[in-house]
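J.: 3D, please:
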Amino acid sequence: MAIIYSMEGKKVGTIELPPALFDVKWRPDLVHQVTTALQANLRQNRAHTKDRAEVAGGGRKPWKQKGTGQARHGSTRSPLWRHGGITFGPRSERDYREKSNRTMRREALRSVLSRKAKDGEIIFVDKLSFAAPRTSEALAVLHALAKGANATPLTRKKTNAALIALAENDINAVKSFHNIGSVATLEARNLNPVEILARRYLVIEQPETVFAALLGRVKK
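T.: Numbers count the residues shown, from 1 in each chain. Purely as a prediction, here's the structure:
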C-alpha cells in the first residue's frame, strides 16, 4: 500500500501497488544488459576519418622512382605523408547498436520499478496541474512533496534528483519543471530503466492511470 500526495504535499489517499510491477525480483545482470543496450542504441557515430582513397591531392608521383636518394613514394595520399590518409581511424560506418528484445526490456522495467519501490524512492501524486508554465510553482510543489514524503534529497540534490512521470503530455507541467536542472519530465508510457535509474526519485502522477498503461506494456 502506498500513499498518494497532493501538490501541496498532503496525504489524499492510498493505492495498492500491482505485484506485476512492484513485486519483482531485482535482476542487476538483466538491468545492466538492457540499460547498456538502450544507451548504445542512442549513440550517434560522428567520428570519421578519411583513408588514402578519400583525401585530396596526391594524384601525381611526387618524384621519380630512382636516382633522387630519397625513399620511393607513389602518392602523397599515403598515410606516411602529412595530410595523407588515416590508417585504421574511426569510421562513421561503425554500428554501436545492441540487441535487447521486448521481453528483456519489459522484465528490466519491472525489476527497476520494484527496486525503487522497495527503496522508498517512488512518490505518487494525484495530479500535477498548472494553469500556466510557472517554475516557481513547480519548485513549491517539489518542496511540498519533499516535506510530505520525507524525501529531503528531492530539493537538495543538485543534479538528477527526480524523474516526473506524467500521465499525459501536459505542456504546462513540462515547461514548469523545464528550468529546474535537477528534474526531468517524461510521459509515463515512455518510462524505461535508463531514465528511471538516472535519477534518485521517481514521481508518478495519477498512479491509477499510469499503472493501467504500464500493465498494458508488461503484459504484451
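J.: pLDDT at Lys220, what is it?
T.: Lys220 carries a pLDDT value of 64.
J.: mind listing the helices for the chain?
T.: Using DSSP state H, the helices found in the chain span residues 19-22, 28-42, 102-118, 135-148, 153-156, 171-178, 193-197, 207-218.
J.: which one of the ones you listed lies closest to Ala53?
T.: helix 28-42 (29.3 Å; CB to CB). Backbone N, C-alpha and C define where each C-beta goes, glycine included.
J.: gap between the closest one and the chain center?
T.: 11 Å (CA atoms, centre = their mean, to the nearest Å).
J.: domain assignment for the protein?
T.: As recorded under automatic domain parsing, the domains making up the chain are 2-43+99-218, 45-95.
J.: tell me which of those domains sits most buried.
T.: domain 2-43+99-218 (a mean of 17; mean count of other CB atoms under 10 Å).
J.: run the chain-centre distance for stretch 100-120.
T.: Taking CA atoms, centre = their mean, the mean C-alpha location of stretch 100-120 is offset from the chain mean by 15 Å.
J.: so which of the helices of the chain gets nearest Gly74?
T.: helix 28-42 (40.5 Å).
J.: direction-wise, compare the closest one with helix 102-118 and give the angle.
T.: Orientation note: helix 28-42 sits at an angle of 120 degrees relative to helix 102-118 (axes from the mean of the first three to the mean of the last three CA atoms, to 10 degrees).
J.: tell me what helix 28-42 is packed against?
T.: Packing contacts for helix 28-42, counted by 3 or more CB pairs under 8 Å, 6 or more residues apart in numbering; DSSP states H and E, involve helix 102-118, helix 193-197.
J.: need the per-residue pLDDT for the spatially most central residue of the chain.
T.: Central residue of the chain (CA atoms, centre = their mean): Glu195, 4.2 Å from the mean position. Looking at Glu195, its pLDDT stands at 95.
J.: any idea how far Phe211 is from it?
T.: Distance of Glu195 to Phe211, given as CB to CB, to the nearest Å: 18 Å.
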